[in-house]
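Novice: Here is my input; please provide its structure:
(one chain, ligands or ions: 1)
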Amino acid sequence: MTVPDHEADAARRRRGLRLPPRALGPLYVLACAAPLVLAVTRSAAPAATWEIAAAALGMVGLAAMAVQAVTSGRFELVSGRIGIDRVMSFHKIAAWWVLLALLLHPLIYVLPTWLADPGLAWERLRAYLTLPHYRSGVIALAALAVLVPASALRERLPLRYELWRGAHVALSVLALGAGLHHAITVGRFGMVGGMPLLWWGVGAAVVAVLAVLYGWRWAQLHRGAWRLASVTRHPGRMWELDIQPAPGTPELAYTAGQFVWMTEGARRFPLFDHPFSIAGSPARPGLRLIVKQAGDFTDRIGSLPPGTPIGIDGPYGDFTLEAHPADAVLLIAGGVGIAPIMGLLRDLVARGDRRPVRLAYAAGDPAKFACLPEIEAARATLDLEVLLVSEQDAAGWPGEVGRLDHGRLAQLAQGLEPARVVALICGPGAMVTAVSDGLLALGLPMERVIYERFDYAGGTSRIDRRRRRRVMGLGGAVALVIALFVAVMA
Ligand SMILES: Cc1cc2nc3c(=O)[nH]c(=O)nc-3n(C[C@H](O)[C@H](O)[C@H](O)COP(=O)(O)OP(=O)(O)OC[C@H]3O[C@@H](n4cnc5c(N)ncnc54)[C@H](O)[C@@H]3O)c2cc1C
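Specialist: Numbers count the residues shown, from 1 in each chain. Model prediction:
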């Protein structure tokens, strides 16, 4: 079965609503600079240079905080063409300069007093922190000062993921709401023509984002319900779920390799959903997911009875061959990273793809490999070579023992023209880092080494470092806009 025309059209329309990667950087700088552009075109009460700098940091920090609401990986408009990995790395770095700008905002107001009379500066600072006039600003800053470090340290906090996520949303809303109140009521440029309207517009946009995430999508999880058709056990504490649309729910128009956010039973609320890659081909009805037991939600998966209502939000992501055309394909999976790789492989089989395909699959020990008979059977349809690598050996293990090191990657890519190959890698953070660096060393171009991480531990790859430099460049551009504003207004 193939995806009907209207569903393919729907998928195309959805893709049409994804912003081009080149537009995202300039749009970000523009969104952060919007209050300054407005302030520079209107007349305001004269102020000293440091006061202008402090106000500019406050306004830009607040605008950048609002933008964080749409860089959380939940909006395909923003992340659809750059992938969740890149958008999350941006979100995490940008959070730090939002915090820095907003911490500097009150400090710079008192800086000259500090240089002249530190005692008086303390008093002014204490007044800022305690006067009712500034209370909303202090609340915003306090919420942000908890939010950003707590998110960076999340893995080490003794908090359930759902609790952390709920707190993250609550603190973000508090910081933004209180920050907007502060800007409108006491902002130095708050009274400048059009400025209150801008902040009210920002507030309305944030409310709309929340309404989409926790209203419209919540309704969708209930109205467009799915049902669990079956659960099959795989080795390595993994389960394969076959999920089918309930009567009246349309098939999902997705591309192989994408992922969905999934909830089950009565807990079909966006705060409780989890991301899982689609392990099937759109050529087959319904959705297949391969889920590894990793905690409270995934530990329950294997015991869900057929018929359980399932909420599906998606599809998301660009971990697809359609987004990265090439003459030959390297598929590389580590552990449960086999989930989207099976989606891609099953789709290549369904389409009878004639390109050379090389599949490397690594796991801790021979008892943890899933789908081996199906991978073997795919050879009958595809020009497929398979490299299985287990860290531990066992009697009768037909694959190799060790890790996917440089030598094995070279063996995998042998005979392929590096510039014409695309590599799709999915697995634990450390494996993804090592393999992507290894493939770059073999001559694959950076834009053809594509990966999706299920966790963000495991070091930074060369590609991550380049992304960071680009993100820092954006921060630099915003800082330049602030400097220009101060120079013009001083
Ligand atoms: C894009 C993407 C695709 C994924 N695809 C798959 C897949 O196909 N198969 C698979 O087994 N796993 C996949 N994962 C990982 C999977 O989402 C987590 O293992 C799962 O959510 C763990 O939930 P838990 O409650 O069982 O474990 P917990 O003990 O609650 O969490 C274990 C860790 O999983 C992560 N996690 C937990 N809940 C969430 C959440 N709601 N959103 C994001 N991360 C979370 C956190 O880092 C947490 O520390 C994917 C992750 C991402 C980001």
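
Novice: Please make it C-alpha for all contacts and neighbour counts, starting now.
Specialist: Will do.

Novice: Can you name the residues of this protein that neighbour the ligand?
Specialist: By Cα under 6 Å from any ligand atom, the residues of the chain that approach the ligand are 155, 161, 259, 273-277, 290-292, 294-299, 336, 339, 454-455.

Novice: again, only this time at 5 Å
Specialist: Counting by Cα under 5 Å from any ligand atom, the chain comes close to the ligand at 161, 274-277, 291-292, 294-298, 339, 454.

Novice: Check those and tell me the two furthest apart.
Specialist: 161 and 339 (21.9 Å; Cα to Cα).

Novice: Same drill for those two, tell me which one is more crowded.
Specialist: More crowded of residue 161 and residue 339, by other Cα atoms under 10 Å: residue 339, with 29 against 16.

Novice: Am I right that the more buried one is in contact with residue 288?
Specialist: No - at 9.1 Å, residue 339 does not count as touching residue 288 under the criterion of Cα atoms under 8 Å.

Novice: contacting residues around the helix or strand that contains residue 361?
Specialist: Here residue 361 sits within strand 356-363, counting by DSSP states H and E. Strand 356-363 has contacts (Cα atoms under 8 Å, 6 or more residues apart in numbering) with 327-335, 338, 369, 382-391, 403-404, 412-413.

Novice: In helices, which of those fall?
Specialist: Counting by DSSP state H, these place 338, 412, 413 in helices.

Novice: what packs against the top helix by length along the chain?
Specialist: Counting by DSSP H, the longest helix found in the chain is helix 83-116. Helix 83-116 sits against helix 49-67, helix 118-130, helix 135-152, strand 449-453, helix 462-489, with contacts defined as 3 or more Cα pairs under 8 Å, 6 or more residues apart in numbering; DSSP states H and E.

Novice: Extract the CA atoms of the helix or strand hosting residue 340 and return them as PDB.
Specialist: Assigned by DSSP H and E, residue 340 belongs to helix 338-351. Output of helix 338-351 as PDB, limited to C-alpha atoms (Å, rounded to 0.1, in the frame of the first residue of the first chain):
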ATOM      1  CA  ILE A 338      18.100   1.000  15.200                       C
ATOM      2  CA  ALA A 339      14.500   2.300  15.500                       C
ATOM      3  CA  PRO A 340      14.600   5.100  12.800                       C
ATOM      4  CA  ILE A 341      17.300   3.100  10.900                       C
ATOM      5  CA  MET A 342      14.700   0.200  10.500                       C
ATOM      6  CA  GLY A 343      12.200   2.800   9.400                       C
ATOM      7  CA  LEU A 344      14.600   3.900   6.700                       C
ATOM      8  CA  LEU A 345      15.600   0.400   5.700                       C
ATOM      9  CA  ARG A 346      12.000  -0.800   5.600                       C
ATOM     10  CA  ASP A 347      11.100   2.100   3.400                       C
ATOM     11  CA  LEU A 348      14.100   1.400   1.000                       C
ATOM     12  CA  VAL A 349      12.800  -2.200   0.800                       C
ATOM     13  CA  ALA A 350       9.200  -1.100   0.200                       C
ATOM     14  CA  ARG A 351      10.300   1.200  -2.600                       C
END
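
Novice: what's the average pLDDT for it?
Specialist: In this model, helix 338-351 has a mean pLDDT of 98.

Novice: what's the answer for stretch 433-452, then?
Specialist: Mean predicted lDDT for stretch 433-452 stands at 95.

Novice: swap in stretch 470-482?
Specialist: Mean predicted lDDT for stretch 470-482 stands at 96.

Novice: where does that stretch sit relative to the chain's centre, distance-wise?
Specialist: Distance of stretch 470-482 from its chain centroid, counting by Cα atoms, centre = their mean, to the nearest Å, is 21 Å.

Novice: try stretch 179-190
Specialist: Worked out by Cα atoms, centre = their mean, stretch 179-190 lies 31 Å from the chain centre.

Novice: For that stretch, C-alpha coordinates in CSV please.
Specialist: The C-alpha atoms that make up stretch 179-190 are tabulated as CSV, following Å, rounded to 0.1, in the frame of the first residue of the first chain:
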residue,chain,number,x,y,z
GLY,A,179,9.2,40.2,32.5
LEU,A,180,6.5,41.6,30.1
HIS,A,181,4.7,43.3,33.1
HIS,A,182,8.0,44.9,34.1
ALA,A,183,8.7,46.1,30.6
ILE,A,184,5.3,47.7,30.2
THR,A,185,5.0,49.2,33.6
VAL,A,186,8.5,50.5,34.4
GLY,A,187,10.5,50.1,31.2
ARG,A,188,12.6,53.2,30.3
PHE,A,189,11.2,52.9,26.7
GLY,A,190,8.0,51.4,27.9
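
Novice: buried sites along that stretch?
Specialist: Of all the residues in stretch 179-190, those buried under the rule 16 or more other Cα atoms under 10 Å are 179, 180, 181, 182, 183, 184, 185, 187, 188, 189, 190.

Novice: List the contacts of that stretch.
Specialist: 39, 44, 55, 59, 62, 133-137, 139-141, 191, 195-196, 199-200, 203.

Novice: lowest-confidence helix or strand of this protein?
Specialist: Lowest mean confidence among the helices and strands of the chain (mean pLDDT, DSSP states H and E): helix 5-16, at a mean of 48.

Novice: what's the burial count for residue 204?
Specialist: Residue 204 has 12 neighbours, counted by other Cα under 10 Å.

Novice: Same question for residue 104.
Specialist: Neighbours around residue 104, by other Cα under 10 Å: 17.

Novice: I'd assumed residue 53 was in contact with it.
Specialist: No - contact criterion Cα under 8 Å: residue 104 and residue 53 do not qualify, at 9.6 Å.

Novice: of the contacts of strand 356-363, buried ones?
Specialist: Listed as buried from these are 328-335, 338, 369, 382, 384-390, 403-404, 412-413; burial here means 16+ other Cα under 10 Å.

Novice: The residue of the stretch 301-450 of the chain found nearest the ligand - nearest residue in space that isn't next to it in sequence?
Specialist: Of all residues in the stretch 301-450 of the chain, residue 339 sits closest to the ligand, with a separation of 4.8 Å (Cα to the nearest ligand atom). Distances taken as Cα to Cα, 6 or more residues apart in numbering place residue 279 nearest to residue 339, at 4.9 Å, with adjacent residues excluded.

Novice: Give me the domain ranges for the protein.
Specialist: Following automatic domain parsing, one gets these domains for the chain: 19-220+472-489, 225-316, 328-462.

Novice: and the longest one, how far from the chain's centre?
Specialist: Shown here is domain 19-220+472-489, whose average C-alpha point lies 20 Å from the average C-alpha point of the whole chain (Cα atoms, centre = their mean).
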